[in-house]
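J.: Sequence first, then the predicted structure, then my questions.
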Amino acid sequence: TRGEFEADPRLEAGPSEFKQAGASFNQMVQAINQMIGGQQRLLSDISHELRSPLTRLRMATALAQRKQGESKELTRIDTEAERLEKMISELLELSRMPASA
């Protein structure tokens, strides 16, 4: 199926030239799958790491608004924090997508 990376043991059957080419292909498939998995883990880890400081920023903004009331600056900070939160959520979604999608 298009976009799926699966090793096929049948490629390593037949004459020795085919066996060698099939084994090389299967090794390449495994390496690609490891790279994709590593990329997905990295995206997930980055997203989770960004969430903590973003949460602290949003809490500090809310406390400042409670203490001094609304201001253009605090509203702008909150708007940008919302944008960051949306981007982080999209990164998490991307990291959870299967490689074949």
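T.: Good, I have the coordinates.

J.: for the residue of the chain positioned farthest from its centre, phi and psi?
T.: Note on the chain: the largest C-alpha distance from the chain mean falls to P15, namely 41.2 Å (C-alpha atoms, centre = their mean). Dihedral pair for P15: phi -60, psi 160, per degrees, to the nearest 10.

J.: The one 4 residues further on now?
T.: When quoted as degrees, to the nearest 10, the phi and psi of K19 stand at phi -60, psi -50.

J.: Please enumerate the helices of the protein.
T.: 16-68, 72-96 (DSSP state H).

J.: would a markdown table of those with mean neighbour count be doable?
T.: The way it works is simple: take the backbone N, C-alpha and C, and place the C-beta from them, glycine included. Shown next, in a markdown table, are the helices of the chain (neighbours: other C-beta atoms under 10 Å):
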| stretch | mean neighbour count |
| --- | --- |
| helix 16-68 | 13 |
| helix 72-96 | 13 |
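
J.: Take those and write them to CSV, including mean pLDDT and distance to P9.
T.: Output for the helices of the chain, formatted as CSV (pLDDT from 0 to 100; distance: least, C-beta to C-beta, whole Å):
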stretch, mean pLDDT, distance to P9
helix 16-68, 89, 7
helix 72-96, 90, 29
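
J.: Tabulate those helices in a markdown table, adding columns for distance to A7.
T.: Below are these laid out as a markdown table (distance: least, C-beta to C-beta, whole Å):
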| stretch | distance to A7 |
| --- | --- |
| helix 16-68 | 4 |
| helix 72-96 | 23 |
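
J.: Could you check how far the closest residue to L42 other than its chain neighbours is from N33?
T.: Among residues not flanking L42 along the chain, S95 sits closest, at 7.9 Å (C-beta to C-beta, 6 or more residues apart in numbering). Distance, S95 to N33, using C-beta to C-beta, to the nearest Å: 15 Å.
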